[in-house]
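Undergrad: Below is the sequence, then the predicted model.
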Amino acid sequence: MTHRILLASSDPQQTSLVRRGLEGSGVALSVATAAAEVPRLIDRERIATLVIDLSLEGDQGAQLLERVTAALPDLPVVVLAEADRAATALRDGAVDFVGRDETGLRLRTALRNALTQGRMRTELRDAARSQRTDRGLATLIGRAPALLRAKELLERAAQKDVAVLLVGETGTGKERAARAVHAESDRATRPFVAVRCGSLPANSLGVELFGERDGHAGAFEEAEGGTVYLDHVECLSTEHQARLLEVLQESYVRRMGDPRSIPVDVRVIASTTHDPARWTAHGLREDLQYRLGVFPIQLPPLRERTEDLELLALAGLKRFAKQHGKSVKSIDAGALQVLATHDWPGNLPELESAIERATLVANGDVVKASMLPKNVISAIAPDGDASALRLIDDQDPLARLSASDEVRPFEEQEKRILVHALKSTQWNVLETARRLRIGRATVYRKIERFGLSRSAGRSVI
């Protein structure tokens, strides 16, 4: 395969020297005599490497370098420049430099190295893309509006190399979301290092994050090129906050007890259970809030995702059945009704625990309501209420298939449970909320959502 090199130079003598230097090298050369021609030639021809004469059109080569490396980070760029300007060019994204009179072997060597880097960048990008299906946003299961909004923001965040702040209750999947952002980003092939700031004492946390003098490297060094995830970032001490700011602002880290600065290239994703608007009340620096809060994303609790319960339960059932060697394949309507009435204070981990328990105790290929944990069943049968228990009896019309063996839609089942509870309590919303173990506001929201009303002489359905 013949690689095509694009030379951007307005100096005919320099162009002639480059042509002679590449004779017999097996590469094809295109030439742009003005910066404005470069984008058109890159679009039209399959350019493997760009060579920029920094003296292009007087002194526009440096500006062209900045624009190209920002727009096309995978395209390797070599610059023709003297040594005093080469350092700046390398810092701005060039992979190598060649003196304007070094157009023989030195030029060929630089181009060979650039082509190798270009190929490696392409392979890394393709490898990152291949991971996205298994580890990316597709792992965040659900169709609830609140989750879809969060996923849209997570997708945007993945394409921008900025700090991300995930906000949500414990168990809403913040670390899973952080891993998804990492897997969808250009850093996907580099390390993902998670640090749980709330579970370590201050001294240990400092070493874990920043490393120690004459000791082991910390998370920011270990994650070089990748992502550091800080769970419960609000637990950082004042000193640790200052060191984190150095990483975010200056891209360097100082080990504990060591004044030296170590350059690092990492993305920071932080999470908190606190409202960021009240961070300063919890002892976090305001400037750290600004740095971390560039891209805040709210993850919804499970009680606001009732339409996702069936999808999440079935996904967990499939995983746990395989893990434990069970033949369980489905969840019956009664069990789904029970899941819909529980408020899930423990969010996703509580649901997964309930499904794993049901998978383990199941004898056949269907999970029934009675196989769920007692605390989950009690949402529909508080204190052993006989009328509520009938809802999960296989013979109750609300908990079994219709006569035609057609499975009722999940949302319809949820509505029927709510109507039953309202009838049983003579439309006492407070008592309905107590029996169903959900908040009163949730009952009102569902009444409005299903368009229910109490009308004399006729059913509320």
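TA: Yep, that arrived.

Undergrad: So S30, which state does it fall into?
TA: strand (DSSP: H, G, I helix; E, B strand; the rest coil).

Undergrad: Please name the bridge partners of it.
TA: L6 (DSSP bridges).

Undergrad: where do the helices sit along the stretch 301-450 of the chain?
TA: 309-324, 333-341, 347-361, 374-377, 386-389, 410-424, 429-436, 440-450 (DSSP state H, counting those that start in this stretch).

Undergrad: Tabulate these (TSV), appending mean pLDDT.
TA: Formatted as TSV, these follow (pLDDT from 0 to 100):
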stretch	mean pLDDT
helix 309-324	93
helix 333-341	85
helix 347-361	94
helix 374-377	84
helix 386-389	46
helix 410-424	79
helix 429-436	82
helix 440-450	85
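
Undergrad: Give me whichever of those helices is most buried.
TA: Across the helices of the stretch 301-450 of the chain, the average number of neighbours (mean count of other Cβ atoms under 10 Å) peaks for helix 333-341, which reaches a mean of 24. Any C-beta I mention is one placed from the backbone N, CA and C, and that applies to glycine too.

Undergrad: Report the backbone C-alpha coordinates of that helix in PDB.
TA: C-alpha atoms of helix 333-341 as PDB (Å, rounded to 0.1, in the frame of the first residue of the first chain):
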ATOM      1  CA  ALA A 333     -47.000 -11.300  36.200                       C
ATOM      2  CA  GLY A 334     -47.500 -11.500  39.900                       C
ATOM      3  CA  ALA A 335     -43.800 -11.100  40.700                       C
ATOM      4  CA  LEU A 336     -43.700  -8.100  38.300                       C
ATOM      5  CA  GLN A 337     -46.600  -6.500  40.200                       C
ATOM      6  CA  VAL A 338     -44.700  -6.900  43.400                       C
ATOM      7  CA  LEU A 339     -41.600  -5.300  42.000                       C
ATOM      8  CA  ALA A 340     -43.700  -2.400  40.700                       C
ATOM      9  CA  THR A 341     -45.100  -1.600  44.200                       C
END
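
Undergrad: start the count at 52, not 1, going forward
TA: OK, 52 is where the count begins now, so the last one is helix 384-392.

Undergrad: who does that helix touch, helix- and strand-wise?
TA: When contacts are defined as 3 or more Cβ pairs under 8 Å, 6 or more residues apart in numbering; DSSP states H and E, helix 384-392 sits against helix 360-375, helix 398-412, helix 425-428, helix 461-475.

Undergrad: tilt between the first one and helix 398-412?
TA: Between helix 360-375 and helix 398-412, the angle comes out at 50 degrees (axes from the mean of the first three to the mean of the last three Cα atoms, to 10 degrees).

Undergrad: what separates helix 360-375 from the chain centre, distance-wise?
TA: The chain centre lies 22 Å from the centre of helix 360-375; the measure is Cα atoms, centre = their mean, to the nearest Å.

Undergrad: same deal with stretch 492-503?
TA: For stretch 492-503, the distance to the chain centre is 32 Å (Cα atoms, centre = their mean).

Undergrad: what does stretch 82-94 give?
TA: 37 Å.

Undergrad: can you tell me the distance between the two ends of that stretch?
TA: Stretch 82-94 has its terminal residues 14 Å apart, counting by Cα to Cα, to the nearest Å.

Undergrad: And the contacts of it?
TA: 57-61, 66, 81, 98, 101, 107-108, 111-112, 114-115, 119, 123, 126 (Cβ atoms under 8 Å, 6 or more residues apart in numbering).

Undergrad: one more time with 7 Å
TA: L57, L58, A59, S61, T66, S81, I98, L107, E108, Q111, L115 (Cβ atoms under 7 Å, 6 or more residues apart in numbering).

Undergrad: Using a markdown table, lay out these together with neighbour count, pLDDT and distance to W478.
TA: Shown next, in a markdown table, are the contacts of stretch 82-94 (neighbours: other Cβ atoms under 10 Å; pLDDT from 0 to 100; distance: Cβ to Cβ, whole Å):
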| residue | neighbour count | pLDDT | distance to W478 |
| --- | --- | --- | --- |
| L57 | 22 | 93 | 75 |
| L58 | 22 | 92 | 81 |
| A59 | 29 | 92 | 77 |
| S61 | 18 | 90 | 83 |
| T66 | 17 | 90 | 86 |
| S81 | 17 | 92 | 78 |
| I98 | 20 | 89 | 72 |
| L107 | 26 | 88 | 79 |
| E108 | 17 | 82 | 80 |
| Q111 | 18 | 83 | 76 |
| L115 | 24 | 91 | 72 |
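
Undergrad: Just give me the closest of the residues you listed to S475.
TA: I98 (72.8 Å; Cβ to Cβ).

Undergrad: what's Y280 sitting at in phi/psi?
TA: Backbone torsions for Y280, taken as degrees, to the nearest 10, come to phi -110, psi 120.

Undergrad: can you check the one 3 residues further on too?
TA: For H283, the backbone dihedrals are phi 50, psi 60 (criterion: degrees, to the nearest 10).

Undergrad: OK, contacts around the residue nearest the centre of the chain?
TA: Most central in the chain under Cα atoms, centre = their mean is V232, positioned 2.3 Å from the mean C-alpha point. Residues in contact with V232, defined by Cβ under 7 Å, 6+ apart, are L205, A208, A209, V215, I320.

Undergrad: Would you reformat these as a markdown table and include neighbour count?
TA: As requested, these are exported to a markdown table (neighbours: other Cβ atoms under 10 Å):
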| residue | neighbour count |
| --- | --- |
| L205 | 22 |
| A208 | 26 |
| A209 | 22 |
| V215 | 28 |
| I320 | 30 |
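
Undergrad: Between those, which sits nearest L487?
TA: L205 (31.8 Å).

Undergrad: So for the helix or strand where that closest one lies, mean pLDDT?
TA: Taking DSSP states H and E as the criterion, L205 maps to helix 196-209. Averaged across helix 196-209, pLDDT comes to 92.

Undergrad: Could you list the buried residues of that helix?
TA: Neighbour counts over helix 196-209 (16 or more other Cβ atoms under 10 Å) mark L198, A201, K202, L204, L205, A208, A209 as buried.

Undergrad: And the helices and strands packed on helix 384-392: which comes nearest C286?
TA: Nearest of these (Cβ to Cβ): helix 398-412, 19.6 Å.

Undergrad: Report the inter-axis angle for that closest one versus helix 384-392.
TA: What separates the directions of helix 398-412 and helix 384-392 is an angle of 160 degrees, with the same axes, to 10 degrees.

Undergrad: from the middle of its chain, how far away would helix 398-412 be?
TA: 24 Å.

Undergrad: neighbouring contacts of that helix?
TA: 220-224, 352-353, 363-364, 367-368, 371-372, 375, 377, 379, 395, 418, 422-424, 427.

Undergrad: for stretch 192-204, same thing?
TA: 188, 191, 348-351, 355-356, 358-359, 362-363, 366.

Undergrad: let's see 8 Å
TA: So stretch 192-204 is contacted by 188, 191, 228, 346, 348-351, 355-359, 362-363, 366 (Cβ under 8 Å, 6+ apart).
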